[in-house]
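Engineer: I would like the atomic coordinates for the input below:
(one chain, ligands or ions: 1)
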Amino acid sequence: MAEDTTGQDEIRWAPRVPKRKIRRLYEWESKGILDEELIEDVGFTLLLRCQSILTIRDAREGRIKCPRCERQGETTIVPRPDDHGPDARIECATCGWAITWGAYHKTYQHKQLHSGGAVAAFETYVKAFDRARTPKAKILAIDRLIHEFHYSLSTDPDQPTRPAAVNLIEGKLTDVARFLDALTYGEAATAELESRRREWRDTVDRIPWMVLPAREPADGADDGER
Ligand SMILES: [Zn+2]
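Structural biologist: Sure thing, here's the model as predicted:
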């Protein structure tokens, strides 16, 4: 049976950040240099990524943002029909964009775009990056975001389940976690970054199934680079 893919081509989800950009950001930072252009680039990519994640969260909760109206600079929220089946039809009364729920769902499946147990982290970043006026404030917002975690929604809200970085940085979960763990921090590194790094590692160690290599030596940083 032919699938109805009408409306899919107008939906664009923001990509994750490549590892090499994050690595360069920390290499510069470790030398005491803030590369403003790179910070802006990474920060903005993360902003768009978080916005995509939150748009999908809203859609799953019943508020679908029309992508065609958005391109025209307008925000139109189309309610998701009560029928939650894949054939349920979503149609924008303003511009006529239409899609089935099944086709909409397919656009974000298996792309690490689920907000999961890290909604607050993504929301906080969107606000923080918007407010940040200096490169220093921006890199701190970036650093905080990529070291966030998903927490268990069902059992224990204090139980970390996985690093949020997998939603934000290219690569598989373990791969991204190892990458973060091996980032360069030099003597000039900001104290806040250093302490967040330690906290991050302590939290990873509380996730029963996640095992990262012992801390030293910190080489092997090229693993999995694309
Ligand atoms: Zn529309």
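Engineer: C-alpha only now, for contacts and for neighbours.
Structural biologist: Fine.
Engineer: what's the helix or strand for the nearest residue to Thr6 once chain neighbours are set aside?
Structural biologist: Distances taken as CA to CA, 6 or more residues apart in numbering place Ile99 nearest to Thr6, at 5.8 Å, with adjacent residues excluded. For Ile99, the host element (DSSP states H and E) is strand 98-100.
Engineer: ok, and for the one helix or strand His105 maps to, which residues are buried?
Structural biologist: Using DSSP H and E, His105 sits within helix 101-108. Neighbour-count burial for helix 101-108 flags Trp101, Gly102, Ala103, Tyr104, Thr107, Tyr108 (criterion: 16 or more other CA atoms under 10 Å).
Engineer: distance between it and the chain's centre?
Structural biologist: Remark: helix 101-108 is offset 19 Å from the chain centroid, using CA atoms, centre = their mean, to the nearest Å.
Engineer: Tell me which helix or strand comes right after that helix.
Structural biologist: The element immediately downstream of helix 101-108 (helix or strand, assigned by DSSP H and E) is helix 119-131.
Engineer: Show me what that next one is packed up against.
Structural biologist: In this structure, helix 119-131 packs against helix 36-60, helix 135-146, with contacts taken as 3 or more CA pairs under 8 Å, 6 or more residues apart in numbering; DSSP states H and E.
Engineer: how about TSV for the ones you listed, with mean pLDDT, mean neighbour count and distance to Val119 added?
Structural biologist: Below are the helices and strands packed on helix 119-131 laid out as TSV (pLDDT from 0 to 100; neighbours: other CA atoms under 10 Å; distance: least, CA to CA, whole Å):
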stretch	mean pLDDT	mean neighbour count	distance to Val119
helix 36-60	97	19	8
helix 135-146	95	20	11
